[in-house]
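1. Sequence and predicted model, in that order:
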Amino acid sequence: MADTRETLKLVKDLSRKEIVFALAHLPGSSRFVFGGSDSMVYDVDLASAKPEPRSLGSHDSYVTGLAIAQRRAISGSYDGRLIWWDLDYQERLFTVEAHARWIRDVAASSDGKTVASVADDMVCRVWDAETGEKRFELRGHEAVTPHHFPSMLYACAFSPDGRYLASGDKVGHVVIWDLTTGQAAGTLEVPTMYTWDPSQRRHSIGGIRSLAFSPDGNRLAIGGMGKVGNIDHLEGLARVEIFDWRKAERSHEYAGDTFKGLVERLVFLASGDRLLAVGGTNDGFLMLFDLSQKSAKLQEKIGFHVHDAVVGDASNSIFLAGHGKLAEYELKV
């Protein structure tokens with residue numbers, strides 16, 4: 001029988017001084033846009049022999065979300081703003097005062113017509129990708145946790161057909177929105193990804209940090225971290241759960257057996273039967289799940305906390321961004 005074990009090979013890395021929180025890819029090219037703790041947004045061609053990032057401009061605080069819609073990049077920041085950038089002319093187009101608190105994630109629909117953002121004001125807003133006009137203001141997440149502390153709205157993701165948008169918060173509540181009506185089409189609860197310490201710190205940790213629809217739109221993958229003993233550290237095991245979201249039934253549970261820390265990004269590969277998960281604590285990890293199995297097919301330690309991941313036009317090319325680094329890996333069978 002042929003050996004079908006998959007391996008991960010480092011192709012190229014690019015050291016950075018900042019923490020890179022967000023990474024986006026311009027389809028059909030080797031160009032990427034990234035941003036992070038230095039508040040800047042950069043454009044880089046990672047296929048060049050010596051990649052030289054070019055600054056597009058800056059926010060007033062950390063850049064924490066990026067999406068590409070057609071030939072434009074849209075960046076979101078802790079300053080509450082969304083900025084549209086023209087990638088052909090390398091210039092800022094316009095700015096939208098999008099949220100009252102920190103923006104945590106930005107996503108674009110696959111047709112490039114719609115952009116979504118989520119922030120700690122606990123609102124998910126949907127925007128016209130060309131004009132920046134607000135289409136929907138979606139409110140389905142509580143502003144405070146059950147223990148009366150401020151909550152956070154960490155993640156959002158579009159379905160492949162652009163009809164649905166999922167948003168997930170700190171206490172493990174997910175809303176799936178129907179963007180033809182602006183109404184909730186379903187909800188999911190994943191309380192295991194939220195830990196409250198009532199005695200030592202009177203504080204909480206965790207939350208839903210990543211969401212991804214399967215290519216057929218029927219499944220929703222949810223990433224975070226399992227229960228934590230000492231909430232001063234990211235010591236919970238990395239955790240992924242997958243749901244048939246219309247039935248609100250969990251089909252897969254990967255409770256983690258190797259790596260600790262948050263699952264910061266989830267990406268289904270094109271076939272739909274494999275799911276990529278990245279994240280970390282001080283170090284980072286990459287895991288690949290085969291949905292026919294009950295455990296991870298591939299688990300690799302990455303030498304830096306990974307905050308974002310992009311699968312390239314070739315599904316075996318994986319690009320990672322995180323603490324002080326961008327890196328390209330090849331997934332080999």
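-> That came in fine, so what should we check first? These numbers were taken from a predicted model, which means no experiment stands behind them.

2. all contacts plus neighbour counts: C-alpha atoms, from now on.
-> Fine.

3. tell me which residues in the lowest-mean-pLDDT helix or strand in the chain are buried?
-> The weakest-scoring helix or strand in the chain, judged by mean pLDDT, DSSP states H and E, is strand 203-206 (a mean of 74). Using 16 or more other Cα atoms under 10 Å as the test for burial, strand 203-206 gives 204-206.

4. out of those residues, who's nearest Ser109?
-> Of all these, Ser109 sits closest to Gly206, with 26.7 Å by Cα to Cα.

5. Can you read off the pLDDT for the closest residue to that closest one other than its chain neighbours?
-> Spatially, and ignoring its direct neighbours in sequence, Gly206 is nearest to Tyr194 (4.8 Å; Cα to Cα, 6 or more residues apart in numbering). Looking at Tyr194, its pLDDT reads 90.

6. what number of residues lie near Tyr194?
-> Tyr194: 21 surrounding residues under other Cα atoms under 10 Å.

7. and what of Ala49?
-> Burial of Ala49 is recorded as 8 neighbouring residues (other Cα under 10 Å).

8. Could you list which residues are in contact with it?
-> Shown in contact with Ala49 (Cα atoms under 8 Å, 6 or more residues apart in numbering): no residues.

9. same thing but at 10 Å, please
-> Residues near Ala49 by Cα atoms under 10 Å, 6 or more residues apart in numbering: Lys12.

10. could you measure it against Ser30, distance?
-> Distance check for Ala49 against Ser30: by Cα to Cα, to the nearest Å, it reads 12 Å.

11. May I have the secondary structure class of Gly192?
-> Check again: residue 192 is Thr, not Gly. helix (DSSP: H, G, I helix; E, B strand; the rest coil).

12. okay but it is in contact with Lys227, surely?
-> Yes - contact criterion Cα atoms under 10 Å: Thr192 and Lys227 qualify, at 6.1 Å.

13. So the two - more neighbours on which side?
-> Taking other Cα under 10 Å, Thr192 and Lys227 do not tie; Lys227 has more neighbours (21 against 18).

14. what kind of secondary structure is the more buried one in?
-> Assignment for Lys227 (three-state DSSP): coil.

15. excluding its backbone neighbours, what's nearest the residue sitting nearest the centre point of the chain?
-> By Cα atoms, centre = their mean, the chain has its centre lying nearest to Arg265, at 4.1 Å. Excluding its sequence neighbours, the residue lying closest to Arg265 (Cα to Cα, 6+ apart) is Ser210, at 5.0 Å.

16. quick one: buried residues of stretch 264-281?
-> So for stretch 264-281, counting by 16+ other Cα under 10 Å, buried means 264-269, 272, 274-281.

17. what do you get for stretch 85-95?
-> Using 16+ other Cα under 10 Å as the test for burial, stretch 85-95 gives 85-87, 92.

18. Outline the domain layout of this protein.
-> Split into domains by automatic domain parsing, the chain comes to 1-100+308-333, 140-302.

19. Distance to Ser110 added to those domains, as TSV?
-> Shown next, in TSV, are these (distance: least, Cα to Cα, whole Å):
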stretch	distance to Ser110
domain 1-100+308-333	8
domain 140-302	6
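
20. Val126 is nearest to which of these?
-> With Cα to Cα as the measure, domain 140-302 is the member of these nearest Val126 (8.8 Å).

21. Any idea how far the closest one is from the middle of the chain?
-> Here the centre of domain 140-302 is set off from its chain's centre by 10 Å, with Cα atoms, centre = their mean, to the nearest Å.

22. Start and end of it, how far apart?
-> 35 Å.

23. what does stretch 94-101 give?
-> This stretch, stretch 94-101, spans 19 Å end to end (Cα to Cα).

24. buried set for it?
-> For stretch 94-101, by 16+ other Cα under 10 Å, it's 98-99, 101.

25. Neighbouring strands - and their directions - for the lengthiest strand in the chain?
-> When the chain is parsed with DSSP state E, its longest strand is strand 7-25. Strand 7-25 has the following sheet partners, assigned by DSSP bridges: strand 31-36 (antiparallel), strand 317-332 (antiparallel).
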